Each structure stands twice: as C-alpha cells, then as structure tokens.
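Visitor: Turn this into a model:
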Amino acid sequence: MRCTLAIVLAALALGACQADRSAAKPTGSAPSVDGAWRQAFGVDKAALSPTGRSRFVDLTPGTRHIYREGKTTLTITVLDETRVVDGVTTRVIEEREERNGQPLEISRNYFAIDQSSGDVYYFGEEVDVFENGKLSGHPGGWLSGVNGATFGLALPGAPRVGDRYYQEVSPGVAMDRGEVVGVDDTVETPFGAFKGCVHVRETTPLESDVGDKWYAPGVGLVKDDEAVLVSREPPTAMKTPAPRK
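Guide: Residues are numbered from 1 along each chain as shown. Alright, predicted model coming up:
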C-alpha cells in the first residue's frame, strides 16, 4: 500500500513544519458522513492541475524524499513529466524501492491537485516488480477510466479525524482506502522531529493488511509504517537535462 500516496512529498519550506502547533491544525472539508467510506468525490476534473501545493503535498518537479527501513530504501521523486489519465493532466511521481542496491519495485504514479481545496487525487500507477534484480511482473497496476477504475483521493487538503475515503478504486485490483485517525501526532525521524502530523491508517477490502502513514505540515510524508524519512531534496536539486544537439 504505497500509493504514495506516494504523496510523499514536500509542501512548503522545512521551517514551516515546526511552526506553532495551532497554525498547523487542518481546516476545511468535513469528515465522511456517518463514518462511510467516500468513493465518489464530485470534483470538477477541469479544475485539477499537475502542479501545485497543499500543506502536506508538493507536486513541484524535482522534489525528492528518501526513506529507510533496515536495508530497504524508498526514494520518491516528483518527475518533470506529466501524463493525461482519464482526461486529466497528471503529475508523474516515481517510487523506487531497493534493498542492498537491488531494485525491489519501481512504480510511476499519477496525481493531480485541486488548488482551491488542496485535495490531491490519485489517478493510477504502473508497477515493475523485481526478483534478484530482474523484472518479474507488473502486479497492481491500474489507471482511472480503464476497466472500470476511477480516481481516488490521495490526501485531503484539510484532513480531519474521522474522514474515510478510497485512495484508489480499481475493483479486484487496487482498493486502498485511508482513514484520518490523528491530526496532532509527533513523529521523530533521522531527518528531524515533527509536530502536528496527520496520521492516516490505510486498509483495503482485498486484503487484511493495515498500514500507517504520517504527514508533517511543510514536509509531507515523514513515516510510512517503519520506513522513516532520512533525506529531503528541494526541487532546485533536480538537474536540467542538457539540450539535444
């Protein structure tokens, strides 16, 4: 369950995440009605953009976060690349999971943001899985608008405790969903300690797995289960490709 949400991203300058706790408390859309899982979002797709920022997500190309759990490293990079999915121009975000320098999984994820609300939507992913360094398959891939799949909500712009929503809706393939269970957690990582974090618990009706993610205002994802943030590179760190001759 690494939809990245992906999302995994820097939102503002690092200092903002350590601002006064009261300023970091989310405001905005109400929680899900009667604890139901939201699956349809009624968003105007024409209002969605591949570029923009919320308090927890930054779709600026070049943003890169690195996480580590034991010998496993996860690198999430906002690419200077877009793709039209289900009629929406989305931002491509690469997730690269490695162990001892060998690739385990590489995925390309597609996101768009409603700049008025800060809500970030997830339009699908393409997945490469490796065994012993060799490509072995493409499980779990899906695209909104293909084979009955529809986009989900990666992360609300104003998370509130009790909000429950599907992050991906691809029947029989990918049905991850998130529930906001905390909005004022403190998380310590090798990269720093963060206050006012949003805690999202992820489940799926397709499996019994449960995952937990924490997002810090001004930084984005800082902890994904036991994987913790160890490095962050701002957008300016991305090298511009040399022009072709």
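Visitor: By mean pLDDT, flag the weakest helix or strand of this protein.
Guide: Comparing helices and strands within the chain by mean pLDDT, DSSP states H and E singles out helix 21-24 as the least confident, with a mean of 36.
Visitor: Name the residues that touch the helix or strand following it?
Guide: With elements assigned by DSSP states H and E, the helix or strand that comes after helix 21-24 is strand 48-49. When contacts are taken as CB atoms under 8 Å, 6 or more residues apart in numbering, the neighbours of strand 48-49 outside the stretch itself are 59, 88-89, 112-115, 121. Using the backbone N, CA and C atoms, a C-beta is placed for each residue, glycine as well.
Visitor: Quick check: which ranges of the chain have low pLDDT?
Guide: Of all residues in the chain, those with pLDDT under 70 make up the ranges 1-35, 236-245.
Visitor: Tell me the helix or strand right after the strand or helix carrying Glu126.
Guide: Glu126 is part of strand 120-131, with elements assigned from DSSP H and E. Going down the chain from strand 120-131, the next helix or strand is strand 134-137, by DSSP H and E.
Visitor: for that following strand, packing partners?
Guide: Here strand 134-137 is seen to pack against strand 120-131 when contacts are counted using 3 or more CB pairs under 8 Å, 6 or more residues apart in numbering; DSSP states H and E.
Visitor: Distance of the nearest residue to Gly148 once chain neighbours are set aside relative to Val146?
Guide: Spatially, and ignoring its direct neighbours in sequence, Gly148 is nearest to Pro171 (5.8 Å; CB to CB, 6 or more residues apart in numbering). Between Pro171 and Val146 the computed distance is 12 Å (CB to CB, to the nearest Å).
Visitor: quick one: strands adjacent to the one helix or strand Glu105 maps to?
Guide: Secondary structure assigned from DSSP H and E places Glu105 in strand 102-114. The pairing partners recorded for strand 102-114 under DSSP bridges are strand 48-49 (antiparallel), strand 88-99 (antiparallel), strand 120-131 (antiparallel).
Visitor: got the CA positions of that strand in CSV?
Guide: Provided in CSV are the C-alpha atoms of strand 102-114 (Å, rounded to 0.1, in the frame of the first residue of the first chain):
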residue,chain,number,x,y,z
GLN,A,102,19.0,-4.1,-5.8
PRO,A,103,15.6,-2.9,-7.1
LEU,A,104,12.5,-4.4,-5.5
GLU,A,105,9.8,-2.3,-7.0
ILE,A,106,9.6,0.8,-9.3
SER,A,107,6.3,2.5,-9.9
ARG,A,108,5.1,5.5,-11.8
ASN,A,109,2.2,7.2,-10.0
TYR,A,110,-0.2,9.8,-11.4
PHE,A,111,-1.5,12.7,-9.2
ALA,A,112,-3.4,15.9,-9.7
ILE,A,113,-4.3,18.6,-7.2
ASP,A,114,-7.4,20.8,-6.7
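Visitor: Next, the buried residues of it.
Guide: Counting neighbours by 16 or more other CB atoms under 10 Å, one finds that the buried residues in strand 102-114 are 103-114.
Visitor: Let me know the closest of those residues to Thr63.
Guide: When the buried residues of strand 102-114 are ranked by distance to Thr63 (CB to CB), Phe111 comes first, at 11.9 Å.
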